[in-house]
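Asker: Below are the sequence and a predicted model; questions follow.
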Amino acid sequence: MSSVHDTVEPDLDGASVDALQQTHRTEIDRLRTLVPELPKPSQTYPFHDDIFLLRYVLSFSTAAKAAGPLRETLAWRKEPAVASMLEKCADGGKAWMETPLMQTMAKYQVAGVHDCKRDGSPFVIIRPGLGNQDKLFDSMTYDEMHMAHFAYREIAMRSCDEITRRTRVVAKQTLVFDMSGLRFALMMDRRGQKVHQPVSKASSNYFPQLQSKFVMMNAPTWISVVMNLMTKIMPK
């Protein structure tokens, strides 16, 4: 885990997935050996095949470093509450977005996915200055918000995986964080840290090679203070 938080992942968005498999063949095969509890390749997501393992090798650099995060991911996906959420994330997450939990979240946050990227991978725009964070925290528990943010990543990961397999190049998510109208107090709210810090840390294991660029737009003068906070919450 320390290597994930101390180093920057290689930017392989758009790279040939077939060429990467050839380059990392030894580590992919070794990872499969190191994690014998890995399910056999299936016909449904997650496929547990070479492309699935490739993402772990790319993010953690070696099979030895990837084995622990992979085991943690397999165990997490079997937890009853998580498994129920994951099942609803199929078909673009339509069933999940219709749950009462997500309907509540949709009332108080302004965010969405745009289809502007050429490869069709997720381009997420978040505008927290237009939402109502106080009402959100009054309406949902931390566990519910953690599950919601894991679900967002699961849906994005499935989309990136489908595109990667269809186009044979690595597809990753781009996230734009529009800071227009965002108050300093909102960004420094410790409740937000309690939501995003554990999700971000765990997502390094659960969703390797998901995030491409994270872009902050319309940054205010106090952006340097925010960046100091972000480096403590999110992997580099």
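Answerer: Sure, I can see it.
Asker: how close does the residue most central in space within the chain sit to residue 18?
Answerer: Note on the chain: the residue nearest the mean C-alpha position is residue 153, at 3.9 Å, using Cα atoms, centre = their mean. Using Cβ to Cβ, to the nearest Å, residue 153 is found at 25 Å from residue 18. Every residue, glycine included, has its C-beta placed from N, CA and C.
Asker: With residue 184 instead?
Answerer: In terms of Cβ to Cβ, residue 184 sits 47 Å off from residue 18.
Asker: where's the residue nearest to the centre of the chain, which helix or strand?
Answerer: helix 142-167 (DSSP states H and E).
Asker: can you give me the strands for the protein?
Answerer: 111-114, 123-126, 173-178, 211-217 (DSSP state E).
Asker: quick one, which of those strands is nearest to residue 83?
Answerer: Closest to residue 83 of those is strand 173-178 (Cβ to Cβ; 22.8 Å).
Asker: Let's see that closest one as PDB, backbone CA atoms only.
Answerer: The C-alpha trace of strand 173-178 is given here as PDB (Å, rounded to 0.1, in the frame of the first residue of the first chain):
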ATOM      1  CA  GLN A 173     -12.100   7.800 -16.100                       C
ATOM      2  CA  THR A 174     -11.500  11.500 -16.300                       C
ATOM      3  CA  LEU A 175     -12.900  13.700 -13.400                       C
ATOM      4  CA  VAL A 176     -13.500  17.400 -13.500                       C
ATOM      5  CA  PHE A 177     -14.000  19.200 -10.100                       C
ATOM      6  CA  ASP A 178     -15.600  22.600 -10.800                       C
END
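Asker: Which strands and helices lie in contact with it?
Answerer: If contacts are counted by 3 or more Cβ pairs under 8 Å, 6 or more residues apart in numbering; DSSP states H and E, strand 173-178 sits against strand 123-126, helix 142-167, strand 211-217.
Asker: which residues of the protein score low on pLDDT?
Answerer: Low-confidence segments of the chain (pLDDT under 70): 1-11, 233-236.
Asker: May I see the helices and strands packed on strand 173-178 organised as TSV, with distance to residue 31 added?
Answerer: Output for those, formatted as TSV (distance: least, Cβ to Cβ, whole Å):
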stretch	distance to residue 31
strand 123-126	29
helix 142-167	17
strand 211-217	21
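Asker: Please work out which of those is packed deepest.
Answerer: helix 142-167 (a mean of 19; mean count of other Cβ atoms under 10 Å).
Asker: what angle sits between that one and strand 211-217?
Answerer: 120 degrees (axes from the mean of the first three to the mean of the last three Cα atoms, to 10 degrees).
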